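Visitor: The sequence and its predicted three-dimensional model are supplied below.
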Amino acid sequence: MIKLNESAAAVLAEVDGARTVGAIVADLQARFPDAEGIEEDIVAFLEVAVERFWIELR
C-alpha cells in the first residue's frame, strides 16, 4: 500500500488517462493559485510516479 500526502493525492486524482500534463497543471494552478512553483512540483511528482510504475504517460 502506498500512502500519499494531500498534494500528491490531488495530483493523482487529476490523472484520468485522457488529459494532458498541461491540462492537469492548469487545473491545479486554478485550484491552488497561491501555491508557488506548483508546475515544477506537479511535473516532478508525475516523473516519480512514472518511474515507480504508478502511472503511464502516453
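Guide: All right, it came through fine.
Visitor: For residue 47, which phi and psi angles does the backbone take?
Guide: phi -60, psi -40 (degrees, to the nearest 10).
Visitor: Return the distance of it relative to residue 55.
Guide: 10 Å (C-beta to C-beta, to the nearest Å). (Glycine included, C-beta is placed from N, CA and C.)
Visitor: For the closest residue to residue 15 other than its chain neighbours, which residues are in contact?
Guide: Leaving out its chain neighbours, the residue that sits closest to residue 15 by C-beta to C-beta, 6 or more residues apart in numbering is residue 55, at 5.6 Å. Neighbour list for residue 55: 12, 15, 46, 49 [criterion: C-beta atoms under 8 Å, 6 or more residues apart in numbering].
Visitor: Among those, find me the one that's closest to residue 6.
Guide: residue 12 (11.0 Å; C-beta to C-beta).
Visitor: check contacts around the closest one.
Guide: 4, 49, 54-55.
Visitor: got the buried residues for the strand or helix carrying residue 25?
Guide: Residue 25 belongs to helix 21-31 when elements are defined using DSSP states H and E. Burial within helix 21-31, assessed by neighbour count using 16 or more other C-beta atoms under 10 Å, is assigned to 24-25, 28.
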